[in-house]
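*Asks:* got a sequence here, can you build the structure:
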Amino acid sequence: MSSTDSTKMSTKRIVIKPLSPNEVNLDHVNFSSVRNNTEMKSKWVDMTYSRGDIDSVSASSNKDKLLVKASGCVIKTFKKVEFTNKDGSKVEEKTAGDKSKPRRDKYTVFMSVKDETFIEFIKNFESHLIKVGAENSKAWLDKDYTDEDTKDMIKPTFAVNPKYPVEKYGYSMGSGLSHDFLCKSKTDLVPNVSDLNVALVKNNIIDVCFYFNRVKLGSGEYRLGMEIAQINIVGVSEDSSSGKGLTPEEFESGKITLTEQEKHEKGGKFCKIKYDNQALRIHLDNVVGRIFRFDKEGISYNLSIRLTDPRFRKMIEGINAETFKILVDKSTEYFGKKQTAKILSAKVKSIVSYNKADQEKIDKGEKPTYDPSVWIKIYYSAEKGVDGKIINADTGKPIQNIDDIINKDITISSLDFYSRHIWFGPKGTSVNFTVGKCAITYETTEYDMDAVESDEDEEEDDNDNFAEQEEAKNSDDE
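*Replies:* Next up, the predicted model:
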């Protein structure tokens, strides 16, 4: 989806500055009579808001829209949503002879919410709707109900994974984009928002303007309805796969640093690599690689890039050497006691990887036959596959079956990857590089390479899979 059309459409509307969550007076929220869509078998109540900072003409034109800003949210998923009926079946496209309003593609964003004032606003709004729902229960819900009844009938806006306590992991929520949605970037790390699939990627930090427009009514339940009017991208988090990637030509020695060691929630320890005080992200053009699949204790995929380009090799070897030196110099901090370089060389896995035969030659003091490689993990889950990270360079569309291209050399027109962390596990210490976006063609050439599976012990956090499921549940009805 491109934001270009949305930007053009936005010039036709009267812009109202969104309210801060603590500025909203819930007594000024107005509710219409019940609306029905017989075709979609849905019903709702429209909401308007009486505010005194706009003139009567603007208010009339915009029906007093309730626009509220949430700051510092973090994107978990952005995706296109298929149109479905209430029974889950796919809605067929409208025929050419249908003169009704044409259907537009629908997109949703699922995000974690960090803004405490916004969280409190949503809680207060839902408490207000419990009371209003009881007062209007005959019209809204077809029967007379008390506050105690409607307290159980209102569906929460925030999604909370029962496996992860909210005190530790916070709140999440999802919403669809409005038809006149606008996206802007307020950070140099995301210079272009013309393609929302690139701009609104996981872990980007955003300020969101929510348009609260209705109360959605169901059978024995109801919930707050909203859509996203605008997103401002304000930053890129440490784990994001987006942002400006460092190229081999730009790499300068002496700029690698490591963060303090942290404990992972599921056990194990890690720290992160930074370049020039920013999360380490790397961009490559026109390289050859190979994807390998491993089925040990679940499916996983890795991309191997041969270090045939001297500039790229110099960069990877430089990152490897500087990272190792810091680990040696601060070995007491990272390993609990002072370690020599000789001892750590047996514990810390090199980023520069040779196949087994060449490694044996190197150990004997002989010259290796092939150039080394760098290994990059590809995110995979049973629910989302590789999550659109691998795309066809010619069509720009995600490759659905990655197994079609494994174990063969592929030409990669563009590759973005990032350093997720350095993992300290019982099987050793290793650097995790992860694919952000990879555009490939199917031209192949042969070379000899051993597939080496990572021994990293980290359990992947399945909280994002929960977020994906909740996103579908919470997406707005068309």
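*Asks:* CA only for contacts and neighbour counts going forward, please
*Replies:* Fine.
*Asks:* average model confidence for stretch 290-301?
*Replies:* For stretch 290-301, the mean pLDDT works out to 88.
*Asks:* which parts of the stretch 151-300 of the chain are helices?
*Replies:* 166-169, 196-199 (DSSP state H, counting those that start in this stretch).
*Asks:* weakest of those by average pLDDT?
*Replies:* Taking the mean pLDDT of those, helix 166-169 comes last: a mean of 68.
*Asks:* distance of the residue nearest the centre of the chain relative to V208?
*Replies:* Centroid-nearest residue in the chain, with CA atoms, centre = their mean: K202, separated by 1.7 Å. For K202, the distance to V208 equals 15 Å [CA to CA, to the nearest Å].
*Asks:* same question, S414
*Replies:* 30 Å.
*Asks:* just checking, V29 touches V45?
*Replies:* No: if you go by CA atoms under 8 Å, V29 and V45 don't touch, sitting 11.9 Å apart.
*Asks:* quick check, pLDDT for the residue nearest to the centre of the chain.
*Replies:* 82.
*Asks:* quick one, phi/psi of it?
*Replies:* phi -50, psi 140 (degrees, to the nearest 10).
*Asks:* pretty sure it sits against F78.
*Replies:* Yes: with contact defined as CA under 8 Å, K202 counts as touching F78 (7.5 Å).
*Asks:* what residue ranges in the stretch 201-350 of the chain score low on pLDDT?
*Replies:* Scanning the stretch 201-350 of the chain for pLDDT under 70 picks out the ranges 238-244, 266.
*Asks:* now do the strands in it.
*Replies:* 204-217, 222-236, 256-258, 262-263, 269-271, 273-275, 278-279, 281-294, 300-306 (DSSP state E, counting those that start in this stretch).
*Asks:* who's in contact with the fourth one?
*Replies:* Translated: strand 262-263. K269, F270, C271 (CA atoms under 8 Å, 6 or more residues apart in numbering).
*Asks:* parallel or antiparallel, list what pairs with that strand.
*Replies:* strand 269-271 (antiparallel) (DSSP bridges).
*Asks:* go on, the longest one?
*Replies:* Looking at strand 222-236 with DSSP bridges, its paired strands and their directions are strand 154-155 (parallel), strand 171-185 (parallel), strand 204-217 (antiparallel).
*Asks:* just the last one next, same as before
*Replies:* Each strand pairing with strand 300-306, determined using DSSP bridges, is listed with its direction: strand 281-294 (antiparallel), strand 373-378 (antiparallel).
*Asks:* give me the number of residues near D105?
*Replies:* Burial measure for D105: 12 neighbouring residues, criterion other CA atoms under 10 Å.
*Asks:* what's the helix or strand for the nearest residue to it once chain neighbours are set aside?
*Replies:* Excluding the flanking residues, the one nearest D105 by CA to CA, 6 or more residues apart in numbering is K80, at 7.2 Å. K80 belongs to strand 66-81 when assigned by DSSP states H and E.
*Asks:* what helices or strands is that strand leaning on?
*Replies:* Packed against strand 66-81 by the contact rule (3 or more CA pairs under 8 Å, 6 or more residues apart in numbering; DSSP states H and E) you find strand 42-49, strand 106-113, strand 204-217, helix 463-474.
*Asks:* format the ones you listed as TSV; extra columns: mean neighbour count and distance to P21.
*Replies:* Shown next, in TSV, are the helices and strands packed on strand 66-81 (neighbours: other CA atoms under 10 Å; distance: least, CA to CA, whole Å):
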stretch	mean neighbour count	distance to P21
strand 42-49	19	14
strand 106-113	22	13
strand 204-217	22	11
helix 463-474	17	21
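*Asks:* so for K296, which of the ones you listed sits nearest?
*Replies:* helix 463-474 (20.7 Å; CA to CA).
*Asks:* state the mean pLDDT of the closest one.
*Replies:* On average, helix 463-474 scores 41.
*Asks:* again with stretch 361-376
*Replies:* Averaging pLDDT residue by residue across stretch 361-376 gives 92.
*Asks:* quick one: it to chain centroid distance?
*Replies:* Its chain's C-alpha centre and that of stretch 361-376 lie 36 Å apart, by CA atoms, centre = their mean, to the nearest Å.
*Asks:* could I get the strands paired with strand 222-236 as a markdown table with distance to N407?
*Replies:* Formatted as a markdown table, those follow (distance: least, CA to CA, whole Å):
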| stretch | distance to N407 |
| --- | --- |
| strand 154-155 | 47 |
| strand 171-185 | 38 |
| strand 204-217 | 32 |
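*Asks:* closest to G133 out of the ones you listed?
*Replies:* Going by CA to CA, the one of the strands paired with strand 222-236 nearest G133 is strand 154-155, 8.6 Å.
*Asks:* what's that closest one in contact with?
*Replies:* Contacts of strand 154-155 (CA under 8 Å, 6+ apart): E126, L129, I130, E221, Y222, R223, L224.
*Asks:* what about it, distance to the chain center?
*Replies:* 26 Å.
*Asks:* relative to C183, how far out is S194?
*Replies:* 9 Å.
*Asks:* F31 and D64 touch, don't they?
*Replies:* No: the criterion here is CA under 8 Å, and F31 misses it with D64 at 11.7 Å.
*Asks:* neighbour-wise, which of these two wins?
*Replies:* Using other CA under 10 Å as the criterion, F31 and D64 rank with D64 on top: 21 against 15.
*Asks:* any idea how far the more buried one is from I410?
*Replies:* From D64 to I410 the distance is 55 Å (CA to CA).
*Asks:* same check, this time on E366
*Replies:* 30 Å.
*Asks:* those two: which has the busier surroundings?
*Replies:* I410 (21 against 11).
*Asks:* other SSEs contacting the strand or helix carrying that one?
*Replies:* Using DSSP H and E, I410 falls within strand 409-425. With contacts taken as 3+ CA pairs under 8 Å, 6+ apart, strand 409-425 sits against strand 269-271, strand 273-275, strand 281-294, strand 428-440.
*Asks:* please redo it, this time with the cut-off set to 7 Å
*Replies:* strand 269-271, strand 281-294, strand 428-440 (3 or more CA pairs under 7 Å, 6 or more residues apart in numbering; DSSP states H and E).
*Asks:* leaving out the residues flanking it, which one is nearest to T117?
*Replies:* P21 (5.9 Å).
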